[in-house]
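Undergrad: kindly return the folded structure for what I paste below:
(one chain, ligands or ions: 1)
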Amino acid sequence: MKLISILLPLPLFASSLVELENEVHQDLKFINFPACSWRPENEEICDVVIIGGGTAGPCLAFALQQRGIFNVQIFDEAEEGKEGPWLTTARMLTLRSSKDYPGPALDFPRLTCQAWYTAQYGKEAWEQLDKVPTSVWGTYLQWYKKVLNLNVRNGWKLQTIAPDSEETFILSFKNGKTIKARKVVLATGRSGFGGFEIPSFAEQLPKSCWAHTAEMIDPSNFKDKNICILGNGASAFDAARFALEQGAKKVYMIMRRKELPSFGYFAALSTVGFNLGYFFLDDQERIDIFRKGLELGTPPPFESIELIEDHPSFELLADTLVQKTSFSNDKIFLDTSTGLLSADFLIFATGYAVDGSKQPELSFFFDQIKLWGDQLKGLTGKLSRFPYLGPHFEFLEKQPGAAPFLKNIYCFNYGAFLSHGRISGDIDVIQFGIKRLADGIALSFFLERQHKPVELLCEN
Ligand SMILES: Cc1cc2nc3c(=O)[nH]c(=O)nc-3n(C[C@H](O)[C@H](O)[C@H](O)COP(=O)(O)OP(=O)(O)OC[C@H]3O[C@@H](n4cnc5c(N)ncnc54)[C@H](O)[C@@H]3O)c2cc1C
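TA: Residues are numbered from 1 along each chain as shown. The predicted structure follows:
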């Protein structure tokens, strides 16, 4: 077994990074960036508030600047540098996707991770990388924000969005502050529309003895301990590797499937045409595609499997269902369809829930948001709880005319996957989602006739 960690090498050519930054700024000048502002000046009301300073939030702010919209603020509950999963809970050594995708670069080759990495470590070093190390990606995203001068206000956790009128909202944050905004974008990531998927039996267990893979886990939970992991996706394998690295005595991975998924259904479908066109498929077709993708599952990256599959302390228990759990003498007992297991710590690699009623920020109007279950009668379960979004990621009303303000709230998190597909988050295709969203916001402002008086246009 290979247990390795990948560290960012020391930059070889720091001056080349400065050169790259100058070239980025020159490129932007060549295309007359920033575009001229056409929005009314109103310091008190923010045109667009973006919640989430991970990948999507900053990328959207850049896209809005390209469309002449500057009165934009990005907020994130995380501390500076810790936005998104990359430098905290993403335990994989490298990204799961190919290193060649443009990510948030939005058609600017010099804004790619490849350009940033090559400038500092050289072309050969890039060619030697199989995939981008996770910490490298996290550090690159920090540079992306810096070079584009995109400020994130950290330590601001959104709590509620209160419609103030049809046109504006009052956003309340945990730090006690409020912000008035015309449009709100929820770029809140995988857990942004319902949190984590946690089996109901976890309620009987003390929180100190379990965690979801998207939480920070204290490594002291692993040394000489028996660990059970529920789930078989990429995050399950990364958590298993992490536990073994920390000296776990035994790691059981429990999965319901008879075999690990071997066919990447979503990846196979993922042409540019499919990603651009998915939204325009009819409802039933989108449901069929999504349902099939969930049923088939996503294969964990082979490198994540390879790192642990032969470890003597690792065991994959296939075709196994947890039926009952109990807790006594600091041990968890799992009664499974293939026998009784005991563990000191349990990890749920069970993915993300879809349940907007759990999002405090939607509490004032969640009942008025149209869901897929409202659109397709008879649809049940997880798919029915996805929001049924409009063409630019905006929420739609359950009752037409009852909550017109919903068109000004854009859902660019996991909740958008059933309506728009993977373009609302995955690195290979996020650019398509961001452009669609930014176009929609600009269009909506224009159609609301909310622009500067004509004689003042282009007087920046
Ligand atoms: C572990 C992991 C590995 C992944 N690996 C890959 C990969 O290799 N390739 C790929 O294509 N995709 C991958 N993805 C999917 C996707 O690329 C990532 O989820 C990516 O982070 C999405 O970017 P985002 O900006 O939408 O969300 P995030 O990066 O998650 O950013 C969301 C931000 O919103 C903030 N936030 C949430 N709620 C609030 C609130 N109420 N108030 C204020 N701030 C809030 C969070 O603090 C967070 O910083 C991975 C996802 C995960 C979880």
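Undergrad: how about the stretch 101-250 of the chain: which residue is closest to the ligand?
TA: Gly189 (2.5 Å; Cβ to the nearest ligand atom). All C-beta atoms are positioned from the backbone trio N, CA, C, and that covers glycine.
Undergrad: surely Val72 and Val48 touch.
TA: Yes. Using Cβ atoms under 8 Å, Val72 is in contact with Val48, at 4.5 Å.
Undergrad: and the two? which has more neighbours close in?
TA: The neighbour comparison of Val72 against Val48 (other Cβ atoms under 10 Å) goes to Val48, with 25 against 22.
Undergrad: ok, now how distant is the more buried one from the ligand?
TA: For Val48, the distance to the ligand equals 15 Å [Cβ to the nearest ligand atom, to the nearest Å].
Undergrad: same check, this time on Asp330
TA: From Asp330 to the ligand the distance is 29 Å (Cβ to the nearest ligand atom).
Undergrad: the residue lying closest to that residue once chain neighbours are set aside: neighbouring residues, count only.
TA: Nearest residue to Asp330, sequence neighbours excluded (Cβ to Cβ, 6 or more residues apart in numbering): Asp344, at 7.2 Å. Using other Cβ under 10 Å, Asp344 has 19 other residues around it.
Undergrad: looks like Asp344 contacts Lys331 (just checking).
TA: Yes. Contact between Asp344 and Lys331 holds when scored by Cβ under 8 Å: they sit 6.5 Å apart.
Undergrad: is the residue nearest in space to the middle of the chain within a helix or a strand, and which one?
TA: Nearest residue to the geometric centre of the chain (Cα atoms, centre = their mean): Gly189, 3.0 Å. For Gly189, there is no host helix or strand (DSSP states H and E).
Undergrad: so what's it up against?
TA: By Cβ atoms under 8 Å, 6 or more residues apart in numbering, the residues touching Gly189 are Gly52, Gly54, Ala56, Gly84, Pro85, Asn413, Tyr414, Gly425.
Undergrad: neighbouring strands for the helix or strand Gln73 falls within, and are they parallel or not?
TA: Here Gln73 sits within strand 72-76, counting by DSSP H and E. Here strand 72-76 has these sheet partners by DSSP bridges: strand 45-51 (parallel), strand 152-154 (parallel).
Undergrad: in JSON lines, list these along with mean pLDDT.
TA: What follows is the strands paired with strand 72-76, written out as JSON lines (pLDDT from 0 to 100):
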{"stretch": "strand 45-51", "mean pLDDT": "97"}
{"stretch": "strand 152-154", "mean pLDDT": "98"}
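Undergrad: winner for burial among these?
TA: Comparing those by mean neighbour count (mean count of other Cβ atoms under 10 Å), strand 45-51 comes out on top with a mean of 22.
Undergrad: which element follows it toward the C-terminus?
TA: Per DSSP H and E, the helix or strand that comes after strand 45-51 is helix 56-66.
Undergrad: that following helix vs strand 72-76, what angle?
TA: 170 degrees (axes from the mean of the first three to the mean of the last three Cα atoms, to 10 degrees).
Undergrad: need the three-state assignment for Asp27.
TA: Here Asp27 is recorded as helix under DSSP: H, G, I helix; E, B strand; the rest coil.
Undergrad: doesn't Arg110 make contact with it?
TA: Yes. Contact criterion Cβ under 8 Å: Asp27 and Arg110 qualify, at 6.0 Å.
Undergrad: wait, what's in contact with Leu269?
TA: So Leu269 contacts Ile289 (Cβ under 8 Å, 6+ apart).
Undergrad: 7 Å - rerun?
TA: Applying Cβ atoms under 7 Å, 6 or more residues apart in numbering, we find Leu269 in contact with no residue.
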